[in-house]
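1. fold the following and give me the result.
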Amino acid sequence: MTKIDDLIQDCFDLPEGELEPLFEKAYRASRERFSNKMAFYAPGMVHYETEFHEATDLYRFPSISVTGKGCSLNCEHCNANLLDPMIPATTPEALWKEFNEIKNRGGSGCLISGGATPKGDTPLMEFIPTIKRAKDELGIDIVVHTGIVYPETAKALGEAGIDGAMLDIIGSDETLRQIYHLDASVEI
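-> The predicted model follows:
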């Protein structure tokens, strides 16, 4: 077991009366650092309804795949199935066309995602100038799923002015191997 695993186990082994003050301390610390507000992303690629939300229009905030239906890893949690309902835009020109379609149909923005490369990231670099252009010229919201994020991609996306990023945070080498099918380490 790792040090963090030992720490977690120590917490679970504590009597309930000793654990409660730690939860309270953690809650207070989180309130000092973060607000009480939480934003949720409701994908436009699937129709569903709840008492709080009804997905009514695919183009309100669609999901776009820069790899179409292709993925090099076919991870256990997705197996490329999440790519099926996404709008394919596998070239910068196709992505620009979709950005314009979103704007023309009254959409507020989109999620840019796609299948993983053999390194575990979404291949975004060739699309970043188009993303920046959409931010500058169309003013739509753009959220990006990076997969495993590498520094050069993070920097370029920040410079492009994206509104948010969803990245994969993987806690163990075992998860990398068994779930992501990557022979890699979480250590930097």
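
2. and residue 152, which helix or strand is it part of?
-> Assigned by DSSP states H and E, residue 152 falls within helix 151-160.

3. give the pairing partners of the next helix or strand after that helix; include direction for each.
-> Next along the chain after helix 151-160, taking DSSP H and E as the criterion, comes strand 164-167. Paired strands of strand 164-167, with direction, are strand 141-147 (parallel) (DSSP bridges).

4. the partner strand vs helix 151-160, what angle?
-> 180 degrees (axes from the mean of the first three to the mean of the last three C-alpha atoms, to 10 degrees).

5. roughly how far out does the helix holding residue 152 sit from the chain middle?
-> Relative to its chain's centre, helix 151-160 lies at 15 Å (C-alpha atoms, centre = their mean, to the nearest Å).

6. find the nearest non-adjacent residue to residue 68, please.
-> Leaving aside its chain neighbours, residue 68 sits nearest to residue 88 (4.0 Å; criterion: C-beta to C-beta, 6 or more residues apart in numbering). From N, CA and C alone the C-beta is placed, and that goes for glycine too.

7. mind pulling up the pLDDT for the one you found?
-> Reported pLDDT at residue 88 in the predicted model: 98.

8. could you do residue 42 as well?
-> For residue 42, the predicted pLDDT is 62.

9. same deal with the one 10 residues further on?
-> On the pLDDT scale, residue 52 is placed at 74.

10. show me the contacts for it.
-> Counting by C-beta atoms under 8 Å, 6 or more residues apart in numbering, residue 52 makes contact with nothing.
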